[in-house]
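>>> Sequence and predicted structure below; questions after.
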Amino acid sequence: MKITSTAVSLTVDDVPASTAFLTRHFGFQEVMAAEGFASLAREDTANVVFLRRGIEVLPEGMRDRHATGVIIAFTVADLEAEYERLRQEGVPVTMPLREEPWGERLFQVTDPNGVILQLVDWTTAGDR
């Protein structure tokens with residue numbers, strides 16, 4: 001198997017709100033969109049797809065489920081700078097900057113649909 005790209009697809013109530021959040025604060029670009037659907041991309045990470053809850057492209061038993069229990073994590077080069085930038089842009093920080101015992105440093109923000117975005121770096125490069 002040869003994987004040529006990767007995407008995470010999340011079911012949300014308000015596709016435009018999540019799309020605007022990722023394009024404004026995280027530098028994603030909308031590459032495809034239709035009623036109830038948006039595909040976002042960056043060259044340096046997996047694509048993110050938002051599907052409106054209830055859309056028929058989802059299997060019938062999953063159409064009304066909302067993206068929960070999922071964290072999209074981005075490893076970044078300057079965690080403190082990203083923390084300050086997002087705070088200055090008015091993004092509510094839902095988990096403040098902290099360090100875990102295993103060497104992960106992180107903070108979390110939440111988009112308008114409740115999707116958790118976690119920014120991470122590591123205290124030592126070998127711990128990834």
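Everything's here; your move.
>>> show me what contacts the nearest residue to residue 42 once chain neighbours are set aside?
Sequence neighbours aside, residue 28 is the residue nearest to residue 42 in space, at 5.4 Å (criterion: C-beta to C-beta, 6 or more residues apart in numbering). Every residue, glycine included, has its C-beta placed from N, CA and C. Contact analysis of residue 28 by C-beta atoms under 8 Å, 6 or more residues apart in numbering lists 22, 40-42, 48.
>>> Try it again at 10 Å.
19, 21-22, 38-42, 45, 47-48 (C-beta atoms under 10 Å, 6 or more residues apart in numbering).
>>> can you redo the residues you listed as TSV with neighbour count?
Shown next, in TSV, are the contacts of residue 28 (neighbours: other C-beta atoms under 10 Å):
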residue	neighbour count
19	21
21	21
22	21
38	23
39	19
40	21
41	17
42	14
45	15
47	16
48	22
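>>> list the helices and strands the lowest-mean-pLDDT helix or strand in the chain packs on?
None of the helices or strands of the chain scores lower by mean pLDDT, DSSP states H and E than strand 7-12, at a mean of 90. Identification of packing neighbours for strand 7-12 by 3 or more C-beta pairs under 10 Å, 6 or more residues apart in numbering; DSSP states H and E yields helix 15-26, strand 37-41, strand 47-52.
>>> Any buried residues in that strand, and which?
Buried residues in strand 7-12, counting neighbours by 16 or more other C-beta atoms under 10 Å, are found at 10-12.
>>> mind listing what the residue nearest to residue 13 when sequence neighbours are not counted touches?
Of all residues not flanking residue 13 in the chain, residue 53 sits nearest, at 5.4 Å (C-beta to C-beta, 6+ apart). Contacts for residue 53 (C-beta under 10 Å, 6+ apart) come out as 11-15, 36, 62-67, 113.
>>> and those, which two are the farthest apart?
14 and 62 (18.2 Å; C-beta to C-beta).
>>> Who has more neighbours out of the two?
residue 14 (15 against 10; other C-beta atoms under 10 Å).
>>> Output the below-cut-off pLDDT ranges for this structure.
Of all residues in the chain, those with pLDDT under 70 make up the ranges 67, 125-128.
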